[in-house]
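Engineer: no FASTA, just this:
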């Protein structure tokens with residue numbers, strides 16, 4: 001499982017909660033999703049040590065870039081107060097003598113421990129990936145056809161702030177189907193590498209990839225990646241309605257689109273949905289241009305077309 005998922009994966013788990021309970025302020029809603037991701041299945045992927053029972057030290061948790069905009073007390077308050085739509089607590093806090101541990105109370109499915117049980121001896125796959133990451137200049141994975149392992153290595157390098165365009169060029173191949181570049185320092189050169197190295201790409205996450213991801217970059221990508229069925233642009237605030245028009249024209253197979261946080265006007269969203277023949281999932285969470293009435297209209301249109309619609313409003 002790749003990070004593309006982060007809050008995106010949690011959305012499907014919690015969308016019933018979001019639609020059925022009183023919606024908290026946007027920042028709190030985002031924090032709940034981030035905690036759910038980390039404490040259910042993302043902690044080890046982010047380099048944290050998960051203790052027996054799924055507990056994570058709160059001080060370690062606060063070092064994850066995903067929580068960089070939140071304070072420790074804010075996170076602890078979310079742990080103590082967050083409940084599901086049935087009223088059940090979502091997280092648990094366990095104070096100990098010199099530390100505080102937290103965990104998710106349900107839905108935990110962490111990745112396999114990179115070490116053999118009860119030891120600090122790395123598993124063979126982990127050791128191999130670590131060697132390749134540390135010596136990436138010696139490798140060219142053009143003929144390597146395992147998207148999962150490539151995305152795992154990309155995540156390791158990104159977490160260590162070593163994911164550059166040169167490294168990306170070494171890791172990508174023409175057979176890539178699924179690529180997660182969330183939170184990467186993305187440039188126009190990065191976009192050129194993608195269209196050159198991965199012309200058959202079907203799933204792409206550029207979540208929080210930065211201000212460089214604008215209409216020009218999106219146009220370059222969708223014109224050269226016609227097989228895209230899933231695109232995550234969450235947090236790419238330089239994107240405008242022009243990109244929606246280009247998507248309608250050049251990636252007609254698009255099924256999943258996350259454009260959360262991007263301030264797109266209601267009319268352009270309605271037009272996009274009505275022209276998208278294959279769309280199955282649309283996420284417009286935290287769009288500050290979208291009114292509750294506009295969200296209700298979009299939800300009704302999506303319902304009539306069997307499209308799953310996600311926003312921060314309660315209906």
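Structural biologist: The structure has been received and is ready for your questions. Since this is a predicted model, take the numbers as computed values, not measurements.

Engineer: in this structure, what residue sits furthest out from the centroid?
Structural biologist: residue 97 (34.9 Å; C-alpha atoms, centre = their mean).

Engineer: Check for me that that one belongs to a helix.
Structural biologist: No: checked against DSSP: H, G, I helix; E, B strand; the rest coil, residue 97 lies outside a helix; its state is coil.

Engineer: How many neighbouring residues does residue 120 have?
Structural biologist: Using other C-beta atoms under 10 Å, residue 120 has 7 other residues around it. Every C-beta, even on glycine, is put in place using the N, C-alpha and C of the backbone.

Engineer: oh sorry, the question was meant for residue 135
Structural biologist: Applying other C-beta under 10 Å, I find that residue 135 has 9 neighbouring residues.

Engineer: With residue 121 as the reference, measure out to it.
Structural biologist: Distance of residue 135 to residue 121, computed by C-beta to C-beta, to the nearest Å: 21 Å.

Engineer: And residue 47, by the same measure?
Structural biologist: 18 Å.

Engineer: do the same with residue 108
Structural biologist: Distance from residue 108 to residue 121, by C-beta to C-beta: 24 Å.

Engineer: Those two: which has the busier surroundings?
Structural biologist: residue 108 (14 against 11).

Engineer: where do the helices sit along the stretch 201-315 of the chain?
Structural biologist: 215-224, 241-250, 266-275, 292-304 (DSSP state H, counting those that start in this stretch).

Engineer: Mind checking the ones you listed for the one nearest to residue 63?
Structural biologist: helix 215-224 (30.5 Å; C-beta to C-beta).

Engineer: what comes up buried for that closest one?
Structural biologist: For helix 215-224, the neighbour count (16 or more other C-beta atoms under 10 Å) marks 215, 217, 218, 219, 220, 221, 222, 224 as buried.

Engineer: so how far does stretch 269-283 reach from one end to the other?
Structural biologist: 11 Å (C-alpha to C-alpha, to the nearest Å).

Engineer: List the buried residues for stretch 170-187?
Structural biologist: Those buried within stretch 170-187 under the rule 16+ other C-beta under 10 Å are 170-173, 176, 178-184, 186-187.

Engineer: can I get those residues in JSON lines with distance to residue 36?
Structural biologist: As requested, the buried residues of stretch 170-187 are exported to JSON lines (distance: C-beta to C-beta, whole Å):
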{"residue": "170", "distance to residue 36": "34"}
{"residue": "171", "distance to residue 36": "29"}
{"residue": "172", "distance to residue 36": "30"}
{"residue": "173", "distance to residue 36": "33"}
{"residue": "176", "distance to residue 36": "28"}
{"residue": "178", "distance to residue 36": "22"}
{"residue": "179", "distance to residue 36": "24"}
{"residue": "180", "distance to residue 36": "18"}
{"residue": "181", "distance to residue 36": "22"}
{"residue": "182", "distance to residue 36": "17"}
{"residue": "183", "distance to residue 36": "18"}
{"residue": "184", "distance to residue 36": "23"}
{"residue": "186", "distance to residue 36": "26"}
{"residue": "187", "distance to residue 36": "31"}
